[in-house]
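# what follows is a predicted structure for the sequence shown.
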Amino acid sequence: MKIDVNGLGNIRIAVLDSGLSSNYKNKYLVGRVYGGFSLQEKNGNIYYDDCYEDVNGHGTSCISTINRYTKNVEFYPIKILDKIGRSNINILVTAMELLLDVDVDIINISLSSNETILSKELAIIIDKLTEQGKIIVAAASNNRSISIPASMKNVIGVQSFDNNHEGDFLYSATDAIQVKCDGMPIMIPLIGGISQKAFFGGNSKATARMSALLAIELSSKSTDNDDYRSLIDNFLNRNCKCTYKENVADYKYEKSRTPSSVYNYIVESISEVNIVFGEGFSIGDDGKINCIHNRFEMYYELVHSISKKNWLQS
């Protein structure tokens, strides 16, 4: 943690993803990116570079999500995904090992692997990072049964749930994936230009949202002799709305109302035509909505019913 001139804690967050767009950095994060690097594998060897320019967009979306909810943070982007969002467990393990020598409070990993070949080596590194007081927050896989490192010991695993109470989360310390957090799509800038917007949601957004919540909590506490893990465990238990074991009906939100609140906002306020729905839809020049895949099928009927709106109107 870096203490600023006002005595407030500036939480430092490493984001292991596809990097950070210089457009976004220069517009929204001036003075708040204190380092970073990229790793890539060629012919079985892993190469280090201090350039972390994002050519995919996913990493910038994660950083944008965190920045949306708290400005009292500094970022350390680590680019381990290529332009189409691919990486491997060797690169992930190397990146985590390098973080042992980086001043960081939270490690956000909005990605997952199903490769178990280096899980023992990764577990050792995670234990060392935890001993240093670094909090690791990782996304569960969207469609696989194995989620590494989200399901590993000393990692806060996160998956999304849709709700009307932005920022709420569910917590169960005994489950492999401990947290369900607000994964409702939000509008964020595209890497190609800050005037263009995109939707970002799901497990990746939920993980970044959880990192923001933890950063807010950590920044309000003194770091002197604090047990960060105990602090975070207390925060999770104290603020969660219910546990996985409780009936979802006990949680007071109406899932069916959520799409309406999101898409009514879109219809009323978006001026761009070519908008990408990062988790399931795209809008063409003709204003029609195309369903890319079924992940947000529950929204399709509602969105389709408003697709004839004039998207050029603000």
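Arrived safely. Numbering: from 1, shown residues only.
# quick one: mean pLDDT for the lengthiest helix in the chain?
Longest helix in the chain by number of residues (criterion: DSSP state H): helix 202-219. Here the mean pLDDT over helix 202-219 is 93, rounded to a whole number.
# check which element follows that helix along the chain.
Beyond helix 202-219 on the C-terminal side, the first helix or strand identified by DSSP states H and E is helix 228-239.
# would you mark the buried spots in that next one?
Residues of helix 228-239 classed as buried by neighbour count (16 or more other C-beta atoms under 10 Å): 228, 231, 232, 235, 236. The way it works is simple: take the backbone N, C-alpha and C, and place the C-beta from them, glycine included.
# and the residues you listed, which is closest to residue 69?
The shortest distance between residue 69 and any of the buried residues of helix 228-239, using C-beta to C-beta, involves residue 235 and amounts to 15.1 Å.
# hmm, that closest one is touching residue 216, no?
No: at 9.6 Å, residue 235 does not count as touching residue 216 under the criterion of C-beta atoms under 8 Å.
# quick one, the helix or strand residue 11 falls within and helix 202-219 angle?
For residue 11, the element it lies in under DSSP H and E is strand 9-17. Using axes from the mean of the first three to the mean of the last three C-alpha atoms, to 10 degrees, the inter-axis angle of strand 9-17 relative to helix 202-219 is 160 degrees.
# partners of strand 9-17 in the sheet?
strand 2-3 (antiparallel), strand 73-79 (parallel), strand 106-109 (parallel) (DSSP bridges).
# quick check: next helix or strand after it?
Going down the chain from strand 9-17, the next helix or strand is helix 22-28, by DSSP H and E.
# could you check the angle the helix or strand that that next one is followed by makes with strand 73-79?
Proceeding N to C from helix 22-28, the next assigned helix or strand is strand 37-42, under DSSP H and E. Between strand 37-42 and strand 73-79, the angle formed by their directions is 10 degrees, by the same axes, to 10 degrees.
# on that earlier part again, can you lay out the buried residues of helix 228-239 as CSV showing pLDDT and distance to residue 180?
Shown next, in CSV, are these (pLDDT from 0 to 100; distance: C-beta to C-beta, whole Å):
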residue, pLDDT, distance to residue 180
228, 67, 22
231, 76, 21
232, 76, 16
235, 79, 16
236, 80, 12
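# distance to residue 75 added to the residues you listed, as JSON lines?
Written out in JSON lines, the entries for these read as follows (distance: C-beta to C-beta, whole Å):
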{"residue": "228", "distance to residue 75": "19"}
{"residue": "231", "distance to residue 75": "21"}
{"residue": "232", "distance to residue 75": "20"}
{"residue": "235", "distance to residue 75": "21"}
{"residue": "236", "distance to residue 75": "23"}
